[in-house]
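Asks: Sequence and predicted model, in that order:
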Amino acid sequence: MYHNSLHLTRGGSFDGGKSSVVPPGPPAFPQNAGSVRETGIIDKLMTSFGFITCCERNESIFFHFSQCSGSEDPTDLKPGDEVEFEVGTDARTGKLIARRVVRLPSGTVSFESVGEERLLGKVECEPLITRVMDAPKLKGSTKGTSDLGMGRIIYERNGECFFVPYAFTDVNDDREIHRGDEVSFYMARNKRTTALRARLVRLVQSAKVEKIQGIVKTLKDSFGFIERADEAKDIFFHKSELTPGCEEEICVGAYVEFVVQDRQGKEVATQLKVLPPGSVQFDDIGSDTLEGVIKKPLIRSFTHGHAKEIEPIPGQIIYISDGNIAQTLPYTEQDQLGTYTMLSGDTVTFNLAVRRRNGAQRATNVGVLKMIEKNMNGSNLREKGIVATLRDGFGFIRCVSRVDKLFFHFSEVIDIEHQLAQHDEVEFSVGKDHTQERLHATRITICDPGTVQFEQVSDEVYQGRVELELQTECSRNPPQPFKIQDTSDYGIIRFHVGDGAGEEEITFYWSPEPLRFGDQVQFQVACRCYDELCYATNIKVVQWAKDFRFQGGFIATLKDSYGFIEPEEHDCEMFFPFSSCNKFCDPQELEIMDEVEYCVVKKNGKMSADEIKKLPQGTIPKEEVQPGNYEGVVIKAMKSTENPLDYEGIIKCTNVEEGVTPNGGAVPQELPYSFTSIEDHRATLQLGDAVEFQVGISPHSKTQRAVNVRPKFAFIRGIVDSIKDQYGFIAYTKDGQTENVFFHMNSLANGCAFTDLKPGDEVEFLTTFNQKTQRASAAHVKKLSASVRPDRLVRKNLSGSNSTANMCVLRQPKGPDDVGCGFAPRSPSAGDP
């Protein structure tokens, strides 16, 4: 019959009770306190007193420095010193105090009394290695100690069995001691609590234990579970049970050997030792390779939510056995070759495994043979793309048929030996993650280079003309289709779709050679797969526009930093900035009606002249002027509409009928004219102006037009009112009212210099009307005479009609003293009425 000789006390220690194994210690309160010498350790020191932890009693008592022996200097004492003293009673408080305190050599004081006899016993429970439970805060103190993690030894005494605790630090042997081992030890009793404990434990004889093998199934921070090879269940283990040197080798799937022990009613694995891979055999695996179809894919374990682990669910494979019978086999995570996802309908290869412990069959070494490519609706389950980004264990794929990139994990790559690299071409399936919220790529296979195409190119070749040039220089290689963005620079090609069909426009983002406006090209149409964006690709130049694009023209207008050119066809005007002249000529040297050569470009959606080169006069062939002069009236002014192509004006002949001329030639009744048709280029013809002109025949189109046009309107006289930097104002009388009209320095007649004009000069001019600003201005300004009147009076009526009183100043006003310039108010004097 076993008796437990250890009783758990309030402090967590073991009380030996009335056991006779070790005689009891001295009483807690001796009858004569003054005659008893005790030992202890100084626990705390203050300025003039301290406290001693007693070895023979479970308390600390007070002492004053005056109670130290004469040979001891109280200032030399320090906590932890071993002392001997007498126990007395304070007369005032009645509490125990220490007297005649004497310091002892180190190692003299002991809190335990150890028996002289070495006892024999058997280990019933092993202590935990990772917890040193017998180390108190103070040497020998029991404060803060606990029996949790303590081992137990069972021993026999006088025909009865007793239990005694021991800790890992109580073992005095280099050999490991385990459950069932026979050991020898000394019995120690705590003087303060009378608790018993085994000390200096040594191994006498090791017990014969059964070694069991298994595979680590799961592993956490400090513990895990092992799948046993002898039974169909798992067993718990703690990492502290690993044999030295195996801490780094333990992992999920590691083969281990262990001993089963019972702790608190549960079996745990102890004495763990890591074995070489393949050492543990659970199953008998057949050598024949079988084929089957995934009936139900397995669901792997994963963590969801607040670290909640979802247990794995085995998958199922259906195959035809030797008896032509369809059978279903389960398979687990460990049975699949690789960690990629499998789907229902995948064809796989596997080996048949039979569990030794219960004869159960399952599929193992499962590998995919052929992936299912379409679902029940006929939709394609496989997509293509390229690896866009790689990170630590995961990456992103740029898809052919999707705008967004897809996340993928390296575990989904079927070819586990392939080292993934950026821009690898891959084929994959798309599935949802465990949260069912995010799509990710699965079942990834590596494709041959050039397999993945982000665009579909038409077989038909089209021809067209460059309508809009690229604003930036093209790179050496064409951009990837997925890099084309809404903000990317683009050009436009205009082309005919088919016979009888109208023109259409298509954008292009790259060309092997720089394209200019008007270049004739042939191309194919590419369609981006994921958003059906169409653009021109494989562009080849059929005819460079420079063969016919460079054309001649005349400078029609010059401003501060730009101007306009009238082409030799006279059908429009072409804008040009002075920066386009820097290559071949100086824009400051250009003058009105200079002959130039230029090319047409399209920038920011507008056509303009570029690469302007000044030509010698007479280079551009002019119209062949026919004999005879004609009269007419302007029925349409130049640039009378906002349409830039509606440039020319029209003159209607008034002295000849259509088909009959004084010289017998055929002249249309209405003839076009342009800026170069006007003889005096400073004049501006308005609607209804009477003109004289001649007829010229264009050398290119052989059409007739009005040339040498001369306006037939009367000049108006006026006085220069004011002069600014490059312009001024002229005052004149119209319908009895004085009006001002603007004029520019470029509006002066030939032979008249702007610097010669000053306010008060009499001039003659013609008025023009600007269709855009709806304002009149003076043109063909010519100086007649010098100023004869002050400029401050030029706004007066100048008509000279008797109906209006005309005035002139004879002298300037003066003051009463003939000195001042006029009258000034003065303060009234006392004599004023």
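Replies: Thanks, I have the structure now.
Asks: for the stretch 551-700 of the chain, what spans make up the helices?
Replies: With DSSP state H, counting those that start in this stretch, there are no helices along the stretch 551-700 of the chain.
Asks: Flag the shaky bits of it, pLDDT-wise.
Replies: Within the stretch 551-700 of the chain, the stretches with pLDDT under 70 are 602, 604-605, 642-645, 656-666.
Asks: for it, what spans make up the strands?
Replies: 551-558, 562-567, 574-577, 595-603, 606-614, 624-625, 630-636, 649-653, 670-673, 690-697 (DSSP state E, counting those that start in this stretch).
Asks: Include mean neighbour count and distance to residue 257 when you put the ones you listed into a markdown table, please.
Replies: Every residue, glycine included, has its C-beta placed from N, CA and C. Below are the strands of the stretch 551-700 of the chain laid out as a markdown table (neighbours: other Cβ atoms under 10 Å; distance: least, Cβ to Cβ, whole Å):
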| stretch | mean neighbour count | distance to residue 257 |
| --- | --- | --- |
| strand 551-558 | 20 | 95 |
| strand 562-567 | 21 | 93 |
| strand 574-577 | 19 | 89 |
| strand 595-603 | 19 | 82 |
| strand 606-614 | 19 | 86 |
| strand 624-625 | 12 | 115 |
| strand 630-636 | 18 | 109 |
| strand 649-653 | 20 | 108 |
| strand 670-673 | 21 | 108 |
| strand 690-697 | 19 | 113 |
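Asks: and residue 525, which of those is closest to it?
Replies: Checking the strands of the stretch 551-700 of the chain against residue 525 by Cβ to Cβ gives strand 595-603 as the closest, at 21.8 Å.
Asks: Which one of the strands of the stretch 551-700 of the chain lies nearest to residue 400?
Replies: With distances scored as Cβ to Cβ, the stretch of these nearest to residue 400 is strand 595-603 (34.1 Å).
Asks: so how far is the closest one off the chain centroid?
Replies: From the chain centre to the centre of strand 595-603 is a distance of 44 Å (Cα atoms, centre = their mean, to the nearest Å).
Asks: Save the strands of the stretch 551-700 of the chain as JSON lines, and put in distance to residue 59 too.
Replies: Formatted as JSON lines, the strands of the stretch 551-700 of the chain follow (distance: least, Cβ to Cβ, whole Å):
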{"stretch": "strand 551-558", "distance to residue 59": "115"}
{"stretch": "strand 562-567", "distance to residue 59": "108"}
{"stretch": "strand 574-577", "distance to residue 59": "105"}
{"stretch": "strand 595-603", "distance to residue 59": "101"}
{"stretch": "strand 606-614", "distance to residue 59": "104"}
{"stretch": "strand 624-625", "distance to residue 59": "138"}
{"stretch": "strand 630-636", "distance to residue 59": "126"}
{"stretch": "strand 649-653", "distance to residue 59": "126"}
{"stretch": "strand 670-673", "distance to residue 59": "128"}
{"stretch": "strand 690-697", "distance to residue 59": "134"}
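Asks: which residues does residue 528 contact?
Replies: Going by Cβ atoms under 8 Å, 6 or more residues apart in numbering, residue 528 touches 454-455, 481-482, 484, 534-535.
Asks: what's the farthest-apart pair in those residues?
Replies: Going by Cβ to Cβ, the pair spanning the contacts of residue 528 furthest: 482 and 534, at 15.2 Å.
Asks: re the thing from before, quick one: which of the contacts of residue 528 sit in strands?
Replies: The members of these that map onto strands under DSSP state E are 455, 534-535.
Asks: Please, a ChimeraX command that selects the buried ones among these?
Replies: Restricted to buried positions by 16 or more other Cβ atoms under 10 Å, the ChimeraX selection for the ones in strands among the contacts of residue 528 reads:
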select :455,535
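Asks: and which of the ones in strands among the contacts of residue 528 is nearest residue 691?
Replies: Of all the ones in strands among the contacts of residue 528, residue 691 sits closest to residue 535, with 52.1 Å by Cβ to Cβ.
Asks: How about the closest one: what's its closest non-neighbour residue?
Replies: residue 507 (5.0 Å; Cβ to Cβ, 6 or more residues apart in numbering).
Asks: elements contacting the strand or helix carrying the one you found?
Replies: When elements are assigned from DSSP states H and E, residue 507 belongs to strand 503-508. On a contact count with 3 or more Cβ pairs under 8 Å, 6 or more residues apart in numbering; DSSP states H and E, strand 503-508 meets strand 491-496, strand 534-543.
Asks: Residue 120: which of those is closest?
Replies: Closest to residue 120 of the helices and strands packed on strand 503-508, according to Cβ to Cβ: strand 534-543, at 94.0 Å.
Asks: what lines up beside the closest one in the sheet?
Replies: strand 520-528 (antiparallel) (DSSP bridges).
Asks: how distant is the partner strand from the center of its chain?
Replies: Centroid separation for strand 520-528 versus its chain: 33 Å, with Cα atoms, centre = their mean.
Asks: next one: stretch 734-741
Replies: Put simply, stretch 734-741 sits 70 Å off its chain's centre (Cα atoms, centre = their mean).
Asks: avg pLDDT for it?
Replies: For stretch 734-741, the mean pLDDT works out to 85.
Asks: Residue 581 and residue 448: what is the separation?
Replies: Look at residue 581 and residue 448: by Cβ to Cβ, to the nearest Å, they are 55 Å apart.
Asks: who has more neighbours, those two?
Replies: Taking neighbours as other Cβ atoms under 10 Å, residue 581 and residue 448 compare with residue 581 leading, 23 against 7.
Asks: who's in contact with the spatially closest residue to that one that is not a sequence neighbour?
Replies: Nearest residue to residue 581, sequence neighbours excluded (Cβ to Cβ, 6+ apart): residue 587, at 4.2 Å. Residues in contact with residue 587 (Cβ under 8 Å, 6+ apart) are 563, 578, 581.
Asks: measure residue 587 to residue 601 for me?
Replies: Separation of residue 587 from residue 601 (Cβ to Cβ): 17 Å.
Asks: Doesn't residue 169 belong to a helix?
Replies: Yes. Counting by DSSP: H, G, I helix; E, B strand; the rest coil, residue 169 is part of a helix.
Asks: where does it land on pLDDT?
Replies: Looking at residue 169, its pLDDT reads 85.
Asks: mind starting the numbering at 37 from now?
Replies: Done: numbering now begins at 37, and the last item shifts to residue 205.
Asks: Burial check on it, number of neighbours?
Replies: Residue 205: 13 neighbours (other Cβ under 10 Å).
Asks: same question, residue 437
Replies: By other Cβ under 10 Å, 13 other residues sit near residue 437.
Asks: which SS state does it fall under?
Replies: Relying on three-state DSSP, one would call residue 437 coil.
Asks: which residues touch it?
Replies: 419-420, 565-566 are the contacts of residue 437 under Cβ under 8 Å, 6+ apart.
Asks: wait, what's in contact with residue 559?
Replies: The contact partners of residue 559, by Cβ under 8 Å, 6+ apart, come to 497-500, 529, 544, 572-576.
Asks: send the alpha carbons of stretch 671-690 over as CSV?
Replies: Provided in CSV are the C-alpha atoms of stretch 671-690 (Å, rounded to 0.1, in the frame of the first residue of the first chain):
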residue,chain,number,x,y,z
ILE,A,671,-18.7,90.1,-102.7
LYS,A,672,-16.8,88.0,-100.2
ALA,A,673,-13.9,89.2,-98.1
MET,A,674,-10.9,87.0,-97.3
LYS,A,675,-11.1,84.9,-94.1
SER,A,676,-14.8,85.9,-93.7
THR,A,677,-15.6,82.8,-91.7
GLU,A,678,-14.0,80.9,-88.9
ASN,A,679,-13.2,77.9,-91.1
PRO,A,680,-9.4,78.0,-91.7
LEU,A,681,-9.9,76.3,-95.1
ASP,A,682,-12.3,79.1,-96.2
TYR,A,683,-9.5,81.5,-96.9
GLU,A,684,-10.0,83.1,-100.4
GLY,A,685,-12.2,86.0,-101.2
ILE,A,686,-14.4,86.5,-104.3
ILE,A,687,-14.6,89.5,-106.7
LYS,A,688,-17.5,89.9,-109.0
CYS,A,689,-16.8,91.6,-112.4
THR,A,690,-19.0,94.6,-113.0
